[in-house]
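S.K.: Here is my input, please return the structure:
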Amino acid sequence: MALALPPCPPSLKSIQHFLKLATEHDTRDPVISYWSRLTALQTGLTLDKSSKEALAVLLPLMDWLEKEKTDNQENEAIAHEVVASAHVENYAMKLFLVADKQDRAANFGKNVVKCFYSAGILFDVMQTFGPLTPENSTWEARHTGDR
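M.R.: Residues are numbered from 1 along each chain as shown. The predicted structure follows:
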């Protein structure tokens with residue numbers, strides 16, 4: 001289910017990339033959409049949970065997450081963090097490998113950049129499940145620049 005939110009206030013600017021990725025995956029992969037939005041909420045609550053503008057984004061986001069979790073109880077990648085972590089990691093690696101293959105073939109296009117960027121955001125999402133494994137931390141350090 002798609003979610004319409006008001007524009008992020010300046011205090012929540014750093015969660016916009018999670019929300020954008022979630023919107024792009026609403027129909028493509030609801031698991032990615034759910035965990036990207038959850039990461040946006042958790043990050044947003046640490047940044048600003050008191051201003052009217054921030055609450056206008058965070059409260060509907062919280063309601064959406066609660067409804068999605070209830071509606072998708074049978075989806076183990078939404079209901080269980082261990083399964084979700086594996087799903088998000090596999091998806092991130094798939095995106096990275098597609099982009100890497102294109103990059104090595106000297107196909108430098110917008111889609112290659114978007115795949116690398118999205119993979120990096122998903123490695124940030126994976127931190128929702130706990131610290132990255134050493135191999136994932138190394139991958140992220142090498143392949144994602146400042147966002």
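S.K.: where do the helices sit along this protein?
M.R.: With DSSP state H as the criterion, the chain has helices at 16-24, 30-47, 52-71, 76-79, 81-104, 110-126, 134-143.
S.K.: Distance of the nearest residue to Glu76 once chain neighbours are set aside relative to Ser14?
M.R.: Distances taken as Cβ to Cβ, 6 or more residues apart in numbering put Val83 closest to Glu76, at 4.4 Å, once the chain neighbours are dropped. Where C-beta positions appear, they are placed from N, C-alpha and C, glycine not excepted. Distance from Val83 to Ser14, counting by Cβ to Cβ, to the nearest Å: 27 Å.
S.K.: likewise Leu122?
M.R.: For Leu122, the distance to Ser14 (Cβ to Cβ) stands at 16 Å.
S.K.: Looking at these two, which one has more neighbours?
M.R.: Neighbour totals were compared for Leu122 and Ser14, and Leu122 leads with 26 against 15 (other Cβ atoms under 10 Å).
S.K.: returning to what we had before: and Leu5, which of the helices of the chain is closest to it?
M.R.: For Leu5, the closest of the helices of the chain is helix 52-71, at 5.3 Å, according to Cβ to Cβ.
S.K.: by contact count, what packs against that closest one?
M.R.: Other elements packing on helix 52-71 under the criterion 3 or more Cβ pairs under 8 Å, 6 or more residues apart in numbering; DSSP states H and E are helix 30-47, helix 76-79.
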